[in-house]
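Trainee: compute the structure for the input listed below.
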Amino acid sequence: MKIYDELKARGLIAQVTDEEKVSELINSGGAKFYIGFDCTADSLTAGHFMALTLMRRLQMAGNKPVALIGGGTTMIGDPTGRTDMRKMLSREDIDHNAACFKKQMEKFIEFGPGKAEMVNNADWLLQLNYVELLREVGACFSVNNMLRAECYKQRMEKGLSFLEFNYMIMQSYDFYWLFKNKGCNLEFGGDDQWSNMLGGTELIRRKLGEDAHAMTITLLTDSQGKKMGKTAGNAVWLDPEKTSPFEFYQYWRNVGDGDVMKCIRMLTFIPIEEIEEIEKWDPSRINEKKELLAYELTTLVHGKDEADKAKEASHALFAGGGDDSNMPTTELDVPEEGLGIIDLMLACSLAASKGEARRLIQQGGVSVDGEKVTDFALVIERARLADGVKIKKGKKIFHKAIAK
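Mentor: Residues are numbered from 1 along each chain as shown. As a prediction, the model looks like this:
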């Protein structure tokens with residue numbers, strides 16, 4: 001099976017400018033493609049998985065990836081999918097985040113001469129002269145067409161700033177610059193970036209009289225249509241300091257029954273033929289499928305040793321026995337009189353506020369060492385915390401608290 005056919009079989013392709021030409025390019029290993037990553041945080045998230053695994057699949061097929069770090073575009077902020085304006089970051093923060101991204105990307109793609117390349121659009125965007133840009137590029141864009149773009153719709157309801165309105169032009173200019181200076185003939189991105197990507201192909205056509213192509217990746221959503229990659233309102237990070245390998249494993253172990261095969265198909269490197277056999281498994285083996293998904297993705301991001309530890313810790317919690325030493329743990333300074341359950345939950349980041357902690361207890365969603373907590377005033381003694389206690393929030397979140 002050729003790589004383009006495999007991408008289709010995995011359900012990864014959403015939109016493409018010219019299927020015949022794009023499939024021919026990537027099947028022959030003739031694509032030099034780029035995907036952009038804005039540096040809005042110091043870690044990539046599970047939401048970046050689709051792009052990272054696509055880059056790896058295409059590189060394995062002989063194509064050359066260019067990872068574009070958005071040091072320049074991050075200073076503007078992508079309005080796509082937003083109802084409010086993004087936080088403005090300093091150049092220092094953006095540079096720090098970019099360095100963190102590269103370290104994480106190296107787990108997925110191979111950088112070096114003749115292999116993958118990393119570039120930062122700050123190198124050209126921050127050098128642009130505003131009037132020259134308006135004359136050179138601004139005349140190529142129709143405001144009417146831009147206002148119809150999907151990426152602006154949500155922001156239009158609350159007010160789209162002129163700063164954000166320029167984002168499409170900046171992203172389009174990236175493709176134009178990379179086509180002209182790096183030979184990039186393809187741009188890949190999320191399905192919600194289609195308008196921005198078409199802006200780039202049109203700019204190249206109008207300025208250079210040549211064809212470039214774009215393809216969007218299917219967004220990773222659950223069976224309710226919500227974007228996957230968040231848990232308890234927080235992003236699932238690829239940085240083990242922000243989301244531990246155990247928590248990462250548990251996130252994928254707990255995906256909905258209706259989503260597990262889609263995730264296996266879209267995110268793992270299990271061959272299509274094996275996936276088709278897995279789909280035939282008896283429905284009673286659903287947890288086996290989830291464990292397979294969690295183990296494969298944790299191995300991909302954190303390595304086999306951490307995946308083994310996370311799997312063992314998961315079995316210790318849900319199947320009884322086993323080693324629970326890899327469970328997320330918080331070491332605390334505990335006063336002699338002990339620590340109240342609400343303060344304990346806050347210290348372990350199991351609740352964002354005292355009010356939330358009380359609601360969880362009131363709803364019967366908190367237990368300590370297997371006993372449901374019913375009293376807001378419960379105090380866990382220092383001696384007990386010295387040995388460590390296991391706190392369970394809801395059905396699937398476990399945390400160990402231990403006194404220093």
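Trainee: is it fair to say Arg306 lies in a helix?
Mentor: Just to correct that, residue 306 is Glu rather than Arg. Yes: under DSSP: H, G, I helix; E, B strand; the rest coil, Glu306 falls within a helix.
Trainee: in contact with it, which residues?
Mentor: Contacts for Glu306 (Cβ atoms under 8 Å, 6 or more residues apart in numbering) come out as 240, 245, 298. Heads up, the C-betas are built off the backbone N, CA and C, glycines and all.
Trainee: can I get those in CSV with secondary structure, neighbour count and pLDDT?
Mentor: CSV is the format used below for those (DSSP: H, G, I helix; E, B strand; the rest coil; neighbours: other Cβ atoms under 10 Å; pLDDT from 0 to 100):
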residue, secondary structure, neighbour count, pLDDT
Pro240, coil, 16, 90
Pro245, helix, 23, 91
Thr298, helix, 25, 96
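Trainee: Glu277: which of the residues you listed is nearest?
Mentor: Proximity of the contacts of Glu306 to Glu277 (Cβ to Cβ) peaks at Thr298, which lies at 22.2 Å.
Trainee: which one is the closest one nearest to, not counting chain neighbours?
Mentor: Ala307 (4.0 Å; Cβ to Cβ, 6 or more residues apart in numbering).
Trainee: give the contact list for that neighbour.
Mentor: Ala307 touches 245, 249, 295, 298-299, counting by Cβ under 8 Å, 6+ apart.
Trainee: repeat that for 6 Å
Mentor: Each residue near Ala307 by Cβ atoms under 6 Å, 6 or more residues apart in numbering is listed here: 295, 298-299.
Trainee: cool, and Thr201?
Mentor: With contact set as Cβ under 6 Å, 6+ apart, Thr201 has these partners: 212, 214.
Trainee: and it, that's in a helix?
Mentor: Yes: Thr201: assigned to a helix according to three-state DSSP.
Trainee: and the gap between it and Met345?
Mentor: Distance, Thr201 to Met345, by Cβ to Cβ, to the nearest Å: 51 Å.
Trainee: that older thread, can I get the contacts of Glu306 in JSON lines with distance to Phe37?
Mentor: Formatted as JSON lines, the contacts of Glu306 follow (distance: Cβ to Cβ, whole Å):
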{"residue": "Pro240", "distance to Phe37": "19"}
{"residue": "Pro245", "distance to Phe37": "22"}
{"residue": "Thr298", "distance to Phe37": "22"}
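Trainee: Lys180: which of these is nearest?
Mentor: Nearest member of those to Lys180, counting by Cβ to Cβ, is Pro240, at 39.0 Å.
Trainee: now Cys39: closest residue in space that isn't a chain neighbour?
Mentor: Asn97 (3.6 Å).
Trainee: buried residues, whichever strand or helix holds the one you found. List them.
Mentor: Counting by DSSP states H and E, the element that carries Asn97 is helix 91-105. Using 16 or more other Cβ atoms under 10 Å as the burial criterion, the residues of helix 91-105 that qualify are 93-94, 97-98, 100-101, 104-105.
Trainee: out of the residues you listed, who's nearest Glu312?
Mentor: Set against Glu312, the nearest of the buried residues of helix 91-105 by Cβ to Cβ is Gln104 (24.5 Å).
Trainee: ok, now which ones touch that closest one?
Mentor: Shown in contact with Gln104 (Cβ under 6 Å, 6+ apart): 44, 238.
Trainee: let's go with 7 Å and repeat that
Mentor: Contact analysis of Gln104 by Cβ atoms under 7 Å, 6 or more residues apart in numbering lists 43-44, 238-239.
Trainee: pLDDT value on it, please?
Mentor: We note a pLDDT of 90 for Gln104 in this prediction.
Trainee: report the separation between it and Ile204.
Mentor: Gln104 is 30 Å from Ile204, by Cβ to Cβ.
Trainee: pull out the buried positions in the helix or strand in which Lys311 is found.
Mentor: Using DSSP H and E, Lys311 sits within helix 304-318. Within helix 304-318, the residues scored as buried using 16+ other Cβ under 10 Å are 306-307, 309-314, 316-317.
Trainee: likewise stretch 367-381?
Mentor: Applying 16+ other Cβ under 10 Å to stretch 367-381 flags 367-368, 373, 378, 380 as buried.
Trainee: the nearest residue to Val16 once chain neighbours are set aside pairs with what?
Mentor: Leaving aside its sequence neighbours, Val16 sits nearest to Met215 (Cβ to Cβ, 6+ apart; 4.5 Å). Taking DSSP bridges, one obtains Val16, Phe188 as the residues bridged to Met215.
Trainee: does Met215 touch Phe188 like I think?
Mentor: Yes: here Met215 reaches Phe188: they are 5.4 Å apart, a contact under Cβ atoms under 7 Å.
Trainee: what about the strands in the stretch 201-350 of the chain?
Mentor: Assigned by DSSP state E, counting those that start in this stretch, the strands in the stretch 201-350 of the chain fall at 213-217, 230-231, 234-235, 329-332, 339-340.
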